[in-house]
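Engineer: Got a sequence here, can you build the structure:
(2 chains)
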Amino acid sequence: MDAAVRQNQTSEVFANYQIPPNFLDEVFRAPGEVHPHYQAVYQQFLEFSKEEFKTLNEHAKMSFFNQGITFSVYSDKAKGVERIFPFDLFPRIIPAAEWAKVEKGILQRCVAMNLFIQDIYSNQHILKNKVVPADLIFSSKNYLKAMIGVKPVGGIYNHISGTDLIKHSDGEYYVLEDNLRCPSGISYVLSNRVAMKRTLFQMFRQFNVETVGEYPQELLATMQSVAPRGIDAPTCVVLTPGVYNSAYFEHAFLALTMGVPLVEGRDLYVDKNFVYMKTINGPKRVDVVYRRLDDDFLDPMEFKPDSMLGVPGIMAAYKKGNVNLINAPGTGFADDKAVYTYVPDIIKYYLQEEPILNNVHTYRCEKDDDYQYVLENMDKLVIKPVDESGGYGILIGSKATKEQISEFKTLISENRRKYIAQPVMNLSTHATFIEGDDQFEPRHVDLRSFCLLGKDRQFVLKGGLSRVALKKGSLIVNSSQGGGSKDTWVMAEDGASQSMQQNGSMEQSMTLNGETMTMGPQGMSIGTQGSMSMGKPGAE
Amino acid sequence: MLSRIGNSLFWMGRYIERAEHIARYTRVQYVSSVDAPLGQNRELILESILDMAGSKDAYFGVHEKLEDDKVIDFISISESNQFSILSYIGRIRENARGSRDSISIELWEAINRFYHKVNELMTAEMPAEEIEFFARRIEENSYITKGYIENTLLHNDVWMLISLGMHLERAIQVIRILQTKLDDIEKFEEMKQGSALENYQWSTTLKSTEAFDMFMRCHKTSPTRSHVIDFLLFDTQFPKSVAYSMEWIKKCIEGISFQQEESRKESLEFMAGKLACRFQYLTIEEVEDRAPQFLQRTLDNIYEIASLLDVKYLKYH
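Structural biologist: All right, here's what the predicted structure looks like:
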């Protein structure tokens, strides 16, 4: 069937697709008309009937179920009932050029945050220069005095960062939050890709999608790069709280794909400031620990004394430089909501660069003009207390009653330091297959990215976890709140298969980041030299 | 290998074998009790099932008398029995989950499917006639799981610890089956040595270990006490015989790169080697007269190996 003819048909799974007003839809720009980079996938999907789609959907679900990528459901009767993390077959596509900018922005931000953490635990220049208020840092419960003066190998603190991004109705990406402690979700990115390939292999192979599969090897190389000095072949481990942790699947997945032991606190012990694991062949020294344990639980001798999950004495070994911890303890103060508002200033301060990614504009009620603005525009804003997480104590102005608004005004006036306000962000929507209705409907999405910093090495995963709010109209993408996820395709070059042309002389050429690459009998040549390598962040 | 992982692998192997043997014994004994020769009483078989699974005390803790449905339900899925077959499947999965980074994805998926399949079968209560179907699923899936263990793992420490667990438990289960049957036969007051009923008991014993056909091929005579005990204890070629398992216990312990010990005589290798060698050269004539004592002593020896293994290598906190 001719492509032009097919385009005019509306497949039944897309027939009722309504683009919500005021939001940007990633797939459709008008009913039946998709953005150019979705054209090829859309046409493939048009060929499937409703029944075929249901079958594919079931197939993908079974793939997850059999892999054991499930949550336990703890209801009274249904023992052994497990649910999968919902996965959507329609991939989110990010064109190469668009991604290139996002990637630079993520790296810039993570590098700046690392310098910031380093500064705070050493000279505190940024506080002395009054760019960030000192009491904001010292009042944070995630600021660890124990880290003052500790110098981790390579000067790296946030080895693994998970920056959350959204696309606003103005078409720009905004950073929603920085996750610098133990960002999770990478196993879903990798499993989604496997499920996608298992289910839609015929379709998948026609596209030139950037791989995500190298992440475990990159992570291992990152860990090895920051091993204690003088260790040739470092022993790296993943430290998990145990099988009952909700992210245990991910911990096991990472250990398995990196080929390193998955340990629990009780497998490790410290002797004369060195860390060992107990094996059937005797004690074995451990050099780098990717710990998926909160700071509080890490070492009962240093933090929570009743922690059964940690390793007594590991902090002392860490301070001696005999073991490295990933991420460093005490990074949590830097991903506080209150610090978030200073990140653009932090980037400028350390890198002398303009931030590439936007911050959501934040009004700090302690500042007089901002305070005034917030009081006058409460119906358009989201008001958040700076020291709470998990969505507690938040007021969404557009959904609040008059009484609630006036109540909140009193609260803010009593403690202006405690509150910030942000405009409501219009998370973009993406076509998502909705079970039951058995058709595609728009649902809000965000994107968790993954960035690795090691000694003299940096890596940003090309793609990430696109989280979907499955409830109609909901802006909350968390898995605990009925969220799902999508495979995220960063295209290797814009235009994908279309731009790959074969000419008569057995030469193939394709365009990559604006450069033409030609492959022919004489070998391969690249249009312009030098700019292919990833330079220092923001060096341009 | 981490001691904790070693512990999980070892117990994974043991629980696979234990669940399979209890399921098979229950199925074979219960199903054959339905059309048994005259003189065999049904209650005796129900009691035998509980004895073999080591669940008699627990059963009488919640039930007053022996009833078909109650016993089968208790052995297979009952929540009031913390050692039901279903609970063992859960433990197999938990141990596999705890050692996921050591086993293949294929093995994990097989065990995970096994768990979900068995849970699907689970209803509020299992009526006795369902045991045939239920137990067959357990036995089949046990073989599937063992197929993945055999064919998708490196035959290194990981595989050897699982195999060690399986062979150790297999030897224990076969001995328990023999012990239970000897006890059962004692209870038939009217039974005379060599009667049809006793031979019938020995047939079902062989069937409870899937040994009947192979036994017939070797001995070519209807099963007698002496021949059956001989076959299940000392046949070096039958994979469920105790001698066969002993040989594997020895091989696995030798093959695993345990931390070296100072004194050879106190080592695990020495103990396992001594036991396996003794079994190679024992004859049925030497033990026939004091079979119950011999079985018990062998069982104690095996438990001793298991406990030494635990204390020396698998304890982790």
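Engineer: going forward, measure contacts between C-alpha atoms and count neighbours the same way
Structural biologist: Fine.
Engineer: Can you name the residues of the stretch 101-250 of chain A sitting close to chain B?
Structural biologist: Taking C-alpha under 8 Å from any C-alpha of the partner chain as the criterion, the stretch 101-250 of chain A approaches chain B at residues A:242, A:243.
Engineer: so where's the stretch 101-250 of chain A uncertain?
Structural biologist: Along the stretch 101-250 of chain A, no part satisfies pLDDT under 70.
Engineer: ok, which stretches of it are strands?
Structural biologist: Along the stretch 101-250 of chain A, counting by DSSP state E, counting those that start in this stretch, strands occupy A:160-167, A:173-179, A:236-240.
Engineer: so where's the stretch 1-150 of chain B shaky on pLDDT?
Structural biologist: Within the stretch 1-150 of chain B, the segments meeting pLDDT under 70 span B:37-40, B:123-124.
Engineer: For the residue in the stretch 201-317 of chain B positioned nearest to chain A, give its distance to residue B:268.
Structural biologist: Nearest residue of the stretch 201-317 of chain B to chain A, counting by C-alpha to the nearest C-alpha: residue B:259, 4.1 Å away. Noted for residue B:259: a distance of 11 Å to residue B:268, by C-alpha to C-alpha, to the nearest Å.
Engineer: quick one: which of those two has more around it?
Structural biologist: In terms of neighbours (other C-alpha atoms under 10 Å in any protein chain shown), residue B:268 is the more surrounded of residue B:259 and residue B:268; the figures are 21 against 13.
Engineer: who's in contact with the more buried one?
Structural biologist: Residue B:268 sits next to B:253, B:305, B:308, B:309 when contact means C-alpha atoms under 8 Å, 6 or more residues apart in numbering or on different chains.
Engineer: which parts of chain A sit against chain B?
Structural biologist: A:66-68, A:80, A:242-243, A:252-253, A:255-256, A:259-263, A:266-267, A:277-282.
Engineer: hmm, 7 Å instead?
Structural biologist: Taking C-alpha under 7 Å from any C-alpha of the partner chain as the contact definition, chain A meets chain B at A:66-68, A:80, A:243, A:252, A:255-256, A:261-262, A:266-267, A:277-282.
Engineer: Would you map the helices across the stretch 151-300 of chain B?
Structural biologist: Counting by DSSP state H, counting those that start in this stretch, the stretch 151-300 of chain B has helices at residues B:157-187, B:196-207, B:212-219, B:225-234, B:242-255, B:268-280, B:284-287, B:291-309.
Engineer: picking that back up, okay, the strands of the stretch 101-250 of chain A in TSV with mean neighbour count next?
Structural biologist: Listed next are the strands of the stretch 101-250 of chain A as TSV, based on neighbours: other C-alpha atoms under 10 Å in any protein chain shown:
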stretch	mean neighbour count
strand A:160-167	24
strand A:173-179	22
strand A:236-240	24
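Engineer: Distance to residue A:386 for the ones you listed - can I get that in TSV?
Structural biologist: Formatted as TSV, the strands of the stretch 101-250 of chain A follow (distance: least, C-alpha to C-alpha, whole Å):
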stretch	distance to residue A:386
strand A:160-167	18
strand A:173-179	13
strand A:236-240	29
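Engineer: show me the contacts for the residue of the stretch 401-540 of chain A found nearest chain B.
Structural biologist: Chain B sits closest to residue A:487 of the stretch 401-540 of chain A, with a gap of 21.4 Å, by C-alpha to the nearest C-alpha. By C-alpha atoms under 7 Å, 6 or more residues apart in numbering or on different chains, the residues touching residue A:487 are A:91, A:92, A:189, A:192, A:193, A:466.
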